[in-house]
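**Student:** Sharing a model that was predicted from the sequence below.
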Number of protein chains: 2
Amino acid sequence: MFVRLARIPRITRHYRLGLFSTQPKPKPNEYLYYRNKHKSKMEAPIKRSSSAVSLVELEREPFKVTVIGSGNWGTTIAKVVAENTKANPQVFQERVDMWVFDENIDGTMLTEIINTKHQNVKYLPNIDLPENLVANPDLLKSVEGADILVFNIPHQFLPKIVDQLRGHVEPHVRAISCLKGFEVGKKGVQLLSTYITEELGIECGALSGANLAPEVAKEHWSETTVAYHIPKDYQGDGMDVDHKVLKLLFHRPYFHVSVIDDVAGISIAGALKNVVALGCGFVEGLGWGNNAAAAIQRVGLGEIIKFGQMFFPESRVETYYQESAGVADLITTCSGGRNVRVATHMAKTGKSAEDSEKELLNGQSAQGVITCKEVHEWLSTCEMIEEFPLFEAVYKIVYEDVPMHKLPEMIEELDDIVVAGQ
Amino acid sequence: MFVRLARIPRITRHYRLGLFSTQPKPKPNEYLYYRNKHKSKMEAPIKRSSSAVSLVELEREPFKVTVIGSGNWGTTIAKVVAENTKANPQVFQERVDMWVFDENIDGTMLTEIINTKHQNVKYLPNIDLPENLVANPDLLKSVEGADILVFNIPHQFLPKIVDQLRGHVEPHVRAISCLKGFEVGKKGVQLLSTYITEELGIECGALSGANLAPEVAKEHWSETTVAYHIPKDYQGDGMDVDHKVLKLLFHRPYFHVSVIDDVAGISIAGALKNVVALGCGFVEGLGWGNNAAAAIQRVGLGEIIKFGQMFFPESRVETYYQESAGVADLITTCSGGRNVRVATHMAKTGKSAEDSEKELLNGQSAQGVITCKEVHEWLSTCEMIEEFPLFEAVYKIVYEDVPMHKLPEMIEELDDIVVAGQ
C-alpha cells in the first residue's frame, strides 16, 4: 500500500483563448470581436476534467463495501460495485456483501440461488452477477467490517433498516444512499441522506441519475451522479473515502459517473421530478403534444431550482442543469414511468389519481402523488405556494379536482401588461 | 395616444424570507437551520414577474407589423400576431401584411385564397386565419410603412429576400427573426439576426422555442422565447419597440412568451440542438433506451452552454436552462423530427447520412447534418475540437464513418484516475 492520494498535473494544452496569438489565427470575425471585447472574462483556461491524472494510493487496508438491498436497482448497483471492487483490488476488498430480504423461491432461498446461480431470479432475472457478489440474509452480519454502505431499498423500509443498524455501525463508516429524494415531515424538508446521517451518525452521500435499472443491468450506456460531502472527521488522503474513491467504485464503461459535492441538489431534483412528470402526463393525456410536455419540463426545472435555492441554499444551480441527477433524470422520468402513466390515465378517463393508481398500479402509489401533497403542505406552512405555480397546479388537479385544461393559465406569467385606453 | 411606458408597482406581498418573524412560523427544521445559516443570501425578496403592472402607453402612431414568409410556421406566427394587433389597437395597427411567395393553386393565386377564404390551404390547411391578416404577393409593398418586420422564411431564402429589401427599409424599423440559429462562414459564427442587422441596418431580435407549427396553429398550449436587445438609437419609452411591446405582439393564452435580451443565447441553442438530436437518434436507433437519450441531451446542453460562453460570452447561461428556446426546445427536438429520424435510420440500417436523407426526406437535409459539419470546421479553425466531444462524435459518425457504438467512450470523462500498484 502506498501513501498518497495525489493529483499529478499532466502536460497538456490548456485551451487558453488568450494564447491564440501564438496559434494559427482564425480569420477576423465575430468571435475575435467578442474575444477582444471580453478579453478579461475569456482569459481563464477552459479545461476538460481529463487535463490531470488523479492517482489513488491507499495507506490503509482496502475498503470493504456492502450493499443494503436487493431489488432490481439494488442488485444492479451491487453488480456495478462488485465489478469495480474486482477490478481495483488495491482500493477495495473484492468481496461485496449484498443484504437480501430473504424469501423462499420454489423451495430454495433467494440468497442461496444468488450465491450459486449468480442471478437474482426474482428481481433481476437473466442478468449474470459477478461471483464476488455475496448475498447475505443477515443484515448485521452483512455490514460487519464494512467501510462503505450503499443503501438501496424501497423508501418505506428505510426507518426499519436504520433501526436495526443503530449501534452496529462505526462512525468512520461512509454511506451512499441510492434512495431518491426527501421526506417532508415534522422536521420540515429532510433529505434521506441526512436522515441516515442523523440516525446512524455516519456521513452519507447520494447516487441519483437517469437510470432505469434493467437498462443499466443490461449494460446499456447511461450516466449517473454521485454526491458526497467530505465530512469533518475526514481521515486524510489515502485513509478515507473521497470523490476519486467513489468514482472508482461506481464508474463503469457503460455507467458514467460524475462525482460532486451537492447532496441536497441531487436529492431535491430526485424527489421533485416526479411532480413534474405528473404535469407532463396531464398534457400528454390531453393530447397537447410535445411542445406542451417540453414546456412543463422547462417550468418544472425552474421550480426545482427555485425550491433548491430557497430551502437548501447550499445546493448549486449547476447541479440541476448539468448533472444526470438533474435535467437528464427529469427528462427520462417525464418520458415514461408510473407518474406519467397515472397522470395520462387521469387525463384520458377523467378518473381520480386514486382510482387511476388502483387500476394501473394495483393500488401502489405513483411517487409524484405523494410528493406533490407533501410539497403543498410544506409550501403552505411557509406561505410560499404562489412561488411554485406548477407544483401547486399539479396538487390542485390531483387533490382538489381543478380541471387540468386550466394548467396553462395557472402557470402563465402575464407580467400584467396593461394598455392605456383599452 | 398617451405619453408614458411606465411600470407601476402593485401592492403585493413580496415573499421576503427575512419577514418570516411576522408570519405564522414554520416549526423548527432544517429549512430554518439553513435560513439562519445563509441569512444574508436569503434576504433578497423572491418575486414572480407578476408582482408589478406594466403599462403600455404610446406617444406615437400604433406600430404597423409585417410578417415576411407564409410557410406553416410563417402563417402560424402571422395568425398569432394578427390576433394580437386586433386585440391591442392602441399599440398596433390592426392590419398585418404577410408577404407570400405567390403560387397558382388550381387556377387561383394563393394570396387570393388566403384573402378570401382566410386559410392558407397550401401550407396550413384547415386553420382559420384572422381577417385582418392580409396576404401580399409584393415584398416591397408588404413592408411599406412597416415598423416591425417578422422574418419567417426558410433559411436558404434569406440572402435573396434581404437583397430585395436593401434600401427599402428605414433604419427605425425593428425586426424579429423566427429563423433559427447561425451560419458558419467566412465571417466565422454569425447569428442570422446579426446578418439581418448588418445587411439592412435595422435592429433584429429573434423568436425561438419548443414550437411545432401545427400545434401552435391549433392553439395547443406551448411556450416560446423572444429575444431583443434595445438598440443604441432607441427612440424612447412610448416611441419605440421594447420588451413589453413584443410581449403584447406575440403572447397569447395558448402561446406563452418570455421576452429576454439574449439574442445570441437563443440563436445558438436553436442551431446546436439539431446536432444533439442526431446523437439522440443514434442511441435510440441502437436501442439503448431513455437513459442514453437523456444522457446525450445532458451532455449536449452542457456543450451548447460551453459553445455560447466561449464564442458569445455576452449570452447568459440561464437562457439555455430556463428558456423555452433553450432546454425545452432541445427536449422537443430530441423527442422527434427530422434529425432524430435520420439518425435512427442510420443506426438501424447502417446507411450513411446522405442515403438516409434521400430515403426519408427526398434528399432534403436534416439541419443537424449541416450544422455539425459547420461546427466541426469552425472548432478546427479555433483548435477547440477537444472541448466539444459530443459535437465532434456526431460529426465523426456522420462524416467519417466512426462506429456509433463508440459514442459513450468518445464522450467519457475519465478523470484519468490511476490506481497505484495496479
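**Tutor:** Looks like it came in fine.
**Student:** contacting residues for the residue nearest the centre of chain A?
**Tutor:** Nearest to the centroid of the C-alpha atoms of chain A, with distances taken as C-alpha atoms, centre = their mean, sits residue A:208, at 1.6 Å. Residue A:208 makes contacts with A:178, A:180, A:224-225, A:227, A:266-267, A:269-270, A:324-325, A:329, as judged by C-beta atoms under 8 Å, 6 or more residues apart in numbering or on different chains. Just so you know, the C-beta spots here come from the backbone N, C-alpha and C atoms, and that holds for glycine as well.
**Student:** same thing but at 7 Å, please
**Tutor:** Neighbouring residues of residue A:208 by C-beta atoms under 7 Å, 6 or more residues apart in numbering or on different chains: A:180, A:224-225, A:266, A:270, A:325, A:329.
**Student:** Then residue A:206?
**Tutor:** By C-beta under 7 Å, 6+ apart, the contact set of residue A:206 is A:176-177, A:193, A:227, A:263, A:266-267.
**Student:** what secondary structure does it sit in?
**Tutor:** Applying DSSP: H, G, I helix; E, B strand; the rest coil to residue A:206 yields a three-state assignment of strand.
**Student:** Is any residue of stretch A:386-403 near chain B?
**Tutor:** Yes. If you take C-beta under 7 Å from any C-beta of the partner chain as the test, stretch A:386-403 does meet chain B, through A:386-387.
**Student:** Average pLDDT for that stretch, rounded please.
**Tutor:** Stretch A:386-403 shows a mean pLDDT of 96.
**Student:** now the helices: where do they sit in the stretch 101-250 of chain A?
**Tutor:** A:110-117, A:139-143, A:158-165, A:192-200, A:213-217, A:243-250 (DSSP state H, counting those that start in this stretch).
**Student:** From what I see, residue A:69 and residue A:152 are in contact.
**Tutor:** Yes. Counting by C-beta atoms under 7 Å, residue A:69 touches residue A:152, with 3.8 Å between them.
**Student:** Inside strands: which ones of the contacts of residue A:206?
**Tutor:** A:176-177, A:227 (DSSP state E).
**Student:** Any idea what the closest residue to chain B within the stretch 101-250 of chain A is bridged to?
**Tutor:** Residue nearest to chain B within the stretch 101-250 of chain A: residue A:188 (2.5 Å; C-beta to the nearest C-beta). The bridge-partner assignment for residue A:188, based on DSSP bridges, gives residue A:185.
**Student:** Could you export the ones in strands among the contacts of residue A:206 as TSV, including pLDDT, distance to residue B:89 and neighbour count?
**Tutor:** What follows is the ones in strands among the contacts of residue A:206, written out as TSV (pLDDT from 0 to 100; distance: C-beta to C-beta, whole Å; neighbours: other C-beta atoms under 10 Å in any protein chain shown):
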residue	pLDDT	distance to residue B:89	neighbour count
A:176	98	62	28
A:177	97	60	28
A:227	98	55	27
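**Student:** will you turn those residues into JSON lines that also has distance to chain B?
**Tutor:** Shown next, in JSON lines, are those (distance: C-beta to the nearest C-beta, whole Å):
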{"residue": "A:176", "distance to chain B": "17"}
{"residue": "A:177", "distance to chain B": "16"}
{"residue": "A:227", "distance to chain B": "16"}
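**Student:** In CSV, list the C-alpha atoms belonging to stretch A:145-165.
**Tutor:** Only the C-alpha atoms of stretch A:145-165 are listed here, as CSV (Å, rounded to 0.1, in the frame of the first residue of the first chain):
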residue,chain,number,x,y,z
GLY,A,145,-16.4,-4.8,8.9
ALA,A,146,-17.9,-2.7,6.1
ASP,A,147,-16.2,0.7,5.4
ILE,A,148,-18.8,1.8,2.7
LEU,A,149,-22.5,1.1,2.9
VAL,A,150,-24.6,1.5,-0.2
PHE,A,151,-28.3,1.9,0.7
ASN,A,152,-30.7,0.8,-2.0
ILE,A,153,-34.0,-0.3,-0.5
PRO,A,154,-37.5,0.9,-1.0
HIS,A,155,-38.1,4.2,0.8
GLN,A,156,-40.7,2.9,3.2
PHE,A,157,-38.3,0.2,4.6
LEU,A,158,-35.6,2.7,5.5
PRO,A,159,-36.7,3.5,9.1
LYS,A,160,-36.9,-0.1,10.0
ILE,A,161,-33.5,-0.9,8.5
VAL,A,162,-31.9,2.0,10.2
ASP,A,163,-33.5,1.0,13.5
GLN,A,164,-31.8,-2.4,13.2
LEU,A,165,-28.4,-0.9,12.2
